[in-house]
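**Q** coordinates only, sequence not included:
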């Protein structure tokens, strides 16, 4: 189920964005450590 457009208020989605940004930063640093540039296109391949 998806949330309808305009259903969440600015305070709600603003706080959610603020909570997710550090997670994205951490994840991107880990990806850069683990993957080589030649492996990046393989991220999207189904198993």
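**A** Now that the structure is in, tell me what you want to look at. What you see is a predicted model, and the numbers here were worked out from it, not measured in a lab. Numbering: from 1, shown residues only.
**Q** and the helices in the chain?
**A** Applying DSSP state H to the chain gives helices spanning 10-34.
**Q** okay, and for it, where does confidence drop off?
**A** Low-confidence segments of the chain (pLDDT under 70): 1, 47.
**Q** list the contacts of the residue minimising distance to the centre of it.
**A** Residue closest to the average C-alpha location in the chain (CA atoms, centre = their mean): residue 24, at 5.3 Å. By CB atoms under 8 Å, 6 or more residues apart in numbering, the contact set of residue 24 is empty. In this view, the C-beta of every residue, glycine as well, is placed from N, C-alpha and C.
**Q** list of residues touching stretch 38-46?
**A** residue 35.
**Q** any idea how far apart the tips of it sit?
**A** 17 Å (CA to CA, to the nearest Å).
**Q** how far does that stretch sit from its chain's centre?
**A** Relative to its parent chain, stretch 38-46 has a centroid offset of 17 Å by CA atoms, centre = their mean, to the nearest Å.
**Q** make 417 the starting number, not 1.
**A** Taking 417 as the first residue, the last one we looked at is stretch 454-462.
**Q** can you tell me how far the residue nearest to the centre of the chain is from residue 462?
**A** Distance, residue 440 to residue 462, by CB to CB, to the nearest Å: 23 Å.
**Q** go on, residue 424?
**A** Separation of residue 424 from residue 462 (CB to CB): 32 Å.
**Q** ditto for residue 447
**A** In terms of CB to CB, residue 447 sits 19 Å off from residue 462.
**Q** the two: which is more packed in?
**A** A direct count of neighbours by other CB atoms under 10 Å for residue 447 and residue 462 places residue 447 higher, at 12 against 3.
**Q** can you get me a residue count around residue 446?
**A** Residues near residue 446, counting by other CB under 10 Å: 10.
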